[in-house]
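A.B. asks: need a 3D model of the sequence below.
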Amino acid sequence: MYVDHYRKDFYELLLGHRVLIIAGYDVDSVCSTKILQYLLRIDENPYIVICVSGVQELKAKFNDYRNIRRVVLINCGGSLDVMDLFDNPTDVVIFIIDSHRPTHILNIYNENKQVRIVTPAEDNEDIPAFDDIFRVDQEILESDESSEEDEELEEEDEGAGPSPGGKRKRGVERRAELVQKRKDRRDWEINRNKVIFNYTKHNYYGVPSSLIALEVAWSKSIGDSEIVWWSIVGLTEHFIQHRMDRPHYTLLVSQLQNHVARIQHESTSSLSCLKISFENELYLFLYRHWNLYASMKATPAWRCKFRLWSCKGTQRLHAYLAEVGLPLKEVRQTFCAMNYSLRQDLKTILCKKADKYDLLEDMSFGSFFAQYGYVYKFSAMDHYLSVLALLEEPGEKTLGTRFFNALQCLCKTKKSLLMEGIEVAKQIIGGMISQVQIFLDVKQIIVTNDLLYTVIQYGSLDSKYFANPGCLNLLAHHTLQAFISSSPHGKNMRELPLIMMVPKTLSTHYVIGIPPIATNLTHNLFGKAFESIAKKMTDVLMLDLFETNIGIIQTTEIEKFLEMIMNLLA
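C.D. replies: Numbers count the residues shown, from 1 in each chain. The predicted structure follows:
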């Protein structure tokens, strides 16, 4: 069931109880958890925070803390039947804040109201009506006893004798009534299956959970600059990860601008305050902490526009820089060491020839900036990339350690950790660019009639950077865009989706499905396709992640999987 009021129906029900917060494995979950932590600390309410990476781990962690009566699931569980997953616990209230769509229908129509969805339903969700999914009237009970009624009718027919009589007539009428009920039930079941299929055929994302957490805080009249900034970072993830289109992002940005305007009106000029401002941000990864030239070559949109994987593309970029008046000597040195006048007018300078080079759409987007005292001014995109890098940093750190570091990175006083994350992000972005270059140079992307696919072999130099959902998704989207841009027949391939397989262990691969560029990239049909394959062949594909378009496949079964997915898409 959906809650009606954030404070009365959600937050106040947490107070006075020990709260278990189970968060998913993405930056939006980190930001949402940070906001809930902030609120619970103010009210001195005990809580436990756990990060999980998959469905089985979610079930195991819940069982470890089964005695806790208040559970909050952040970006995990919304698309699952949580009561069935947790073996129908009693005296436990489960609150779900999840941006994954569609929401499981049994969570929405939970009979005993133990499952409460904090995230509101959106207009485009098309949630099925209760009567289309459930039927609890007497007709169902009567049809379930149809076999007994058949026997009774046969007995009545035998007892009536050969001559027509009232008893035989009643039996005929009852039989006709029963046949009609069975027909109605079959029609209802056909319609039910159709409604459920239409509701679940695409997987997509709704409003970021961090924005819901912000609204929870605001319902308590708490909404200082730090909370607003954390929600901004969560929203930025959805935009960079292609979870929402630009119009939807712009709409949510306008809502956040109201909060920023309120903060600016209420805040003081103290240096200890976190100041947030809205500006038009260049779509360039980490250029303030790198150099402009390296950032241009590392940002997917710029690489694809100029085709920077080739010598001609690099020459074209040099020509563009010359036309706008940016010397190579300036753009190749650290950004903070560039000429001051060039830095101040950079956005205006780059926009001079944007139309000629078809850069207008990908040049910039509306975003926010935060500044704490005299510390560097950080953009929301840079902060997001830093948190993502700490969360998915390759190495031997445990999931809990990485999640804690990501939480700490959001603190305004943890500049050193933020800078550490930016350095790790540079390595991950460099690995992504290198891997895409290999795909194009070695021609590892295979074209079929129904899809594109590629496989990264175990032991590849940069594969360690893509063993997590966030970086894997960025790699897949960049690979698809780069291949379409580089191919002489790219226009004919815009309607082909991409399947990418990245090594997880020696014997398993992650597999991710990305929809075609020509369609709506925010709606993905691979979740349903993978689910269909997993039901038929449990030994081929395992769906354990909360992103349903990502699965785990046995390396030896890759060819079999590709054959099955092609048959589905044919």
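
A.B. asks: quick one, strands of the stretch 1-150 of the chain?
C.D. replies: Ranges of strands in the stretch 1-150 of the chain, per DSSP state E, counting those that start in this stretch, are 19-23, 47-51, 70-74, 93-97, 100-101, 115-117.

A.B. asks: so which of the ones you listed gets nearest residue 6?
C.D. replies: Among these, the nearest to residue 6 by CB to CB is strand 93-97 (10.2 Å). Bear in mind the C-beta positions are built from the backbone N, C-alpha and C, glycine included.

A.B. asks: and for residue 183, the neighbour number?
C.D. replies: Per other CB atoms under 10 Å, the neighbour tally for residue 183 reads 10.

A.B. asks: pLDDT score for it?
C.D. replies: Looking at residue 183, its pLDDT reads 85.

A.B. asks: kindly report the same for residue 51.
C.D. replies: 95.

A.B. asks: surely it meets residue 23?
C.D. replies: Yes: with contact defined as CB atoms under 8 Å, residue 51 reaches residue 23; the gap is 5.1 Å.

A.B. asks: common neighbours of those two, please.
C.D. replies: 29, 403 (CB atoms under 8 Å, 6 or more residues apart in numbering).

A.B. asks: could you list the low-pLDDT ranges of this protein?
C.D. replies: The chain contains residues with pLDDT under 70 at 136-169, 171, 265-272, 375, 520-521.

A.B. asks: which elements pack onto the lengthiest helix in it?
C.D. replies: In the chain, taking DSSP state H as the definition, the longest helix is helix 166-200. On a contact count with 3 or more CB pairs under 8 Å, 6 or more residues apart in numbering; DSSP states H and E, helix 166-200 meets helix 130-133, helix 138-144, helix 146-160.

A.B. asks: ok, residue 14 to residue 30 distance?
C.D. replies: Here the criterion is CB to CB, to the nearest Å. By it, residue 14 lies 19 Å from residue 30.

A.B. asks: please identify which of those two sits among more neighbours.
C.D. replies: In this view residue 14 and residue 30 are compared by other CB under 10 Å, and residue 30 has more residues nearby, 31 against 21.

A.B. asks: that one reaches residue 403, doesn't it?
C.D. replies: Yes: contact criterion CB under 8 Å: residue 30 and residue 403 qualify, at 6.9 Å.

A.B. asks: what touches both of the two?
C.D. replies: Residues touching both residue 30 and residue 403 (CB under 8 Å, 6+ apart): 23, 391.

A.B. asks: of all the strands of the stretch 1-150 of the chain, which lies closest to residue 197?
C.D. replies: Here strand 100-101 is closest among the strands of the stretch 1-150 of the chain (CB to CB), at 15.3 Å.

A.B. asks: what about residue 474, which helix or strand?
C.D. replies: Secondary structure assignment for residue 474, by DSSP states H and E: helix 469-486.

A.B. asks: would you turn the strands of the stretch 1-150 of the chain into TSV with mean neighbour count?
C.D. replies: Formatted as TSV, the strands of the stretch 1-150 of the chain follow (neighbours: other CB atoms under 10 Å):
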stretch	mean neighbour count
strand 19-23	23
strand 47-51	20
strand 70-74	26
strand 93-97	24
strand 100-101	24
strand 115-117	22
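
A.B. asks: now distance to residue 175 too, for the ones you listed, in JSON lines please.
C.D. replies: Below are the strands of the stretch 1-150 of the chain laid out as JSON lines (distance: least, CB to CB, whole Å):
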{"stretch": "strand 19-23", "distance to residue 175": "54"}
{"stretch": "strand 47-51", "distance to residue 175": "58"}
{"stretch": "strand 70-74", "distance to residue 175": "50"}
{"stretch": "strand 93-97", "distance to residue 175": "47"}
{"stretch": "strand 100-101", "distance to residue 175": "46"}
{"stretch": "strand 115-117", "distance to residue 175": "42"}
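
A.B. asks: tell me which of the ones you listed lies nearest to residue 537.
C.D. replies: That would be strand 100-101 among the strands of the stretch 1-150 of the chain, by CB to CB, at 24.5 Å.

A.B. asks: now the closest one, how far from the centre of its chain.
C.D. replies: Counting by CA atoms, centre = their mean, to the nearest Å, strand 100-101 is centred 7 Å from the centre of its parent chain.

A.B. asks: by contact count, what packs against that strand?
C.D. replies: So strand 100-101, by 3+ CB pairs under 8 Å, 6+ apart, packs with strand 204-205.

A.B. asks: hmm, back to that, nearest to residue 257, of the strands of the stretch 1-150 of the chain?
C.D. replies: strand 93-97 (22.7 Å).

A.B. asks: alpha carbons of the closest one, as CSV, please.
C.D. replies: Provided in CSV are the C-alpha atoms of strand 93-97 (Å, rounded to 0.1, in the frame of the first residue of the first chain):
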residue,chain,number,x,y,z
VAL,A,93,6.4,-3.2,9.1
ILE,A,94,8.4,-2.8,5.9
PHE,A,95,8.7,0.6,4.3
ILE,A,96,9.9,0.8,0.7
ILE,A,97,11.6,3.8,-0.9
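
A.B. asks: give the partner strands of that strand in its sheet and their orientations.
C.D. replies: Strand 93-97 has the following strand partners under DSSP bridges: strand 70-74 (parallel), strand 115-117 (parallel).

A.B. asks: those into CSV, with extra columns for distance to residue 411?
C.D. replies: Output for the strands paired with strand 93-97, formatted as CSV (distance: least, CB to CB, whole Å):
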stretch, distance to residue 411
strand 70-74, 19
strand 115-117, 30
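
A.B. asks: indicate which one of these is closest to residue 452.
C.D. replies: Among the strands paired with strand 93-97, the nearest to residue 452 by CB to CB is strand 70-74 (33.7 Å).
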